[in-house]
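K.L.:
Dropping a prediction and its sequence here:
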Amino acid sequence: MATTEEYLSQETLYREKLMKAEELTPVNEPIITWTGNAGRSPRDYLRLPQLPHSQEVMNWANGFFGTNIRHYDVGPRIRPLRPDAPTMVMIFYPRPDQEAARPIHQSESYLKRIERIAQMKEQTIIYAPPELAWTLRSMRLDSHWHIITDFPTVWDIPTNRFQRENFESVQPQMFREFQGYSAADGELQPVERYNRAHHSAVCNAKAYIMWDAVMRNPFHSERWMYVDAGFLFDDGPVDSNGVVWGDLIKQGLDTAKIDRAISVSQHTGVVMGEYSHRDGCPTINDKCWFDPALAWRARQFIANVYVGSSLGMLNYSVRFMQTVDDMDANGLYTGREEFVIAFVALRYPNSVFSIPWFPLPPQLDYRWQFPSKLVFSGIGGPESVPPIVDPLSTLYVPGYVPRRPQLPAGGIYVTSEQDKQDWEVRHGLMTPMKTPSSKRPL
């Protein structure tokens, strides 16, 4: 473990490297490398499932693997919904201990929420075990509901094949060794119910299924959205008919809003949501970046939804995998992907762009709301768009000038500090401030 003095010198070095970093940092040349062992490489366990779907993906694969592929698919295997249709990707492997799960984490609840996603009628790729194929297929019979059952269990997914002992023994113990937190840390506190091997494996698989989906790409899509299988909670906003998530289901995804996000992330990364940071946020000065006992502080991103281009998803995915491998090799916590993403952002500039948390309008509001679930839909019309920032500038490295444009909010997503206070009061997180009463005239 580094000393404080060593870390402060590392901060200076980080800033110097950040200023010199190329627009696209190679996967094997991250800014933060630590001083311990080098991890395995994704090149050791990734295999192309088929020919790339475009010349640019073929060129990416050749550059990444050092191969000389000269052919690629020239047309989609499944006719897309429309030429510019985005593709949603999700994974669902039920937890094995259903009886120990809260109702929200049981398969019955998840399947109901997946059915809501099916009702959106978007191009969707689902990774699931073979025994669920019929159940999922029955939700929607068209060819744009594409189910992949190549991996019998979550442990058969390539990024997990060597992780079972790590996620069953090593990472849970590291979780139990977290220190320095209290009730005052609010939503930053570690949550014990997520300290499970199966949950770690599903979280770790997200990057792989996005990489694999882009490589398979049956629709020849250029716009992608990862979504958690359960992201449409039962307690979400209701439409005028009382249907939960009814407005989202009716409106569907808005290609122009996804393109707007991709105009920032381009081919180097993705755009995802942030937590509220109401309980604090570490900067590059924080010890959590090298002290495993403080890793609980490095959770700023909500990874339930993120969007990107084909190359953006590929680059983010392999950088996430490499970061997990390097963190494992150096004794850092990787048991939940949200504790890893901040390291990806710091190690590979322009890999993670973000939507700062803001309160949704009252008609869309609910307690555990995250804007990324709605901001890429047609809700609010074309003018309703989220803010998009570079978190290196806004969260981690004070004074850093981002290289990409930072986009402001528009339409129904424009909010004020008063809106945030009103939201916290509405959900019992803040006591309303009393307005001083006027003095009675004499």
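P.N.:
Structure's in. What do you need?
K.L.:
do you know how far the closest residue to residue 400 other than its chain neighbours is from residue 403?
P.N.:
Counting by Cβ to Cβ, 6 or more residues apart in numbering, the nearest residue to residue 400 once its immediate chain neighbours are dropped is residue 393, at 4.8 Å. Placement of C-beta: from N, CA and C, glycine included. Relative to residue 403, residue 393 is positioned 9 Å away (criterion: Cβ to Cβ, to the nearest Å).
K.L.:
Check what pLDDT residue 107 gets.
P.N.:
Residue 107 is assigned 86 on the pLDDT scale.
K.L.:
Now it: closest residue in space that isn't a chain neighbour?
P.N.:
residue 94 (4.3 Å).
K.L.:
Might one say that that neighbour is in contact with residue 110?
P.N.:
Yes. Taking Cβ atoms under 8 Å as the definition, residue 94 is a contact partner of residue 110 at 7.1 Å.
K.L.:
Neighbour count: those two, which is higher?
P.N.:
Neighbours around residue 94 and residue 110, counted as other Cβ atoms under 10 Å, are more numerous at residue 94. The numbers are 21 against 18.
K.L.:
Contacts only, for the more buried one.
P.N.:
Listed by Cβ atoms under 8 Å, 6 or more residues apart in numbering, the contact partners of residue 94 are 107, 110, 129, 132.
K.L.:
quick one: contacts for the nearest residue to the last one once chain neighbours are set aside?
P.N.:
Ranked by Cβ to Cβ, 6+ apart and with sequence neighbours excluded, the top spatial neighbour of residue 132 is residue 92, at 7.0 Å. Neighbour list for residue 92: 110, 114, 126, 127, 128, 132, 136, 229 [criterion: Cβ under 8 Å, 6+ apart].
K.L.:
that older thread, and the residue nearest to residue 107, how far from residue 136?
P.N.:
Counting by Cβ to Cβ, the gap from residue 94 to residue 136 is 12 Å.
K.L.:
How about residue 103?
P.N.:
As defined by Cβ to Cβ, residue 103 lies at a distance of 21 Å from residue 136.
K.L.:
So which of the two has more stuff around it?
P.N.:
When neighbours are counted by other Cβ under 10 Å, residue 103 and residue 136 differ, and residue 136 comes out ahead with 20 against 8.
K.L.:
Assign that one to helix, strand or coil.
P.N.:
Using DSSP: H, G, I helix; E, B strand; the rest coil, the structure places residue 136 in helix.
K.L.:
For it, give its distance to residue 165.
P.N.:
Relative to residue 165, residue 136 is positioned 30 Å away (Cβ to Cβ).
K.L.:
I figured residue 383 hits residue 410, correct?
P.N.:
Yes. Under the criterion of Cβ under 8 Å, residue 383 lies in contact with residue 410, with a separation of 5.1 Å.
K.L.:
more crowded one of these two?
P.N.:
The residue with more neighbours, out of residue 383 and residue 410 and counting by other Cβ under 10 Å, is residue 410; that gives 16 against 10.
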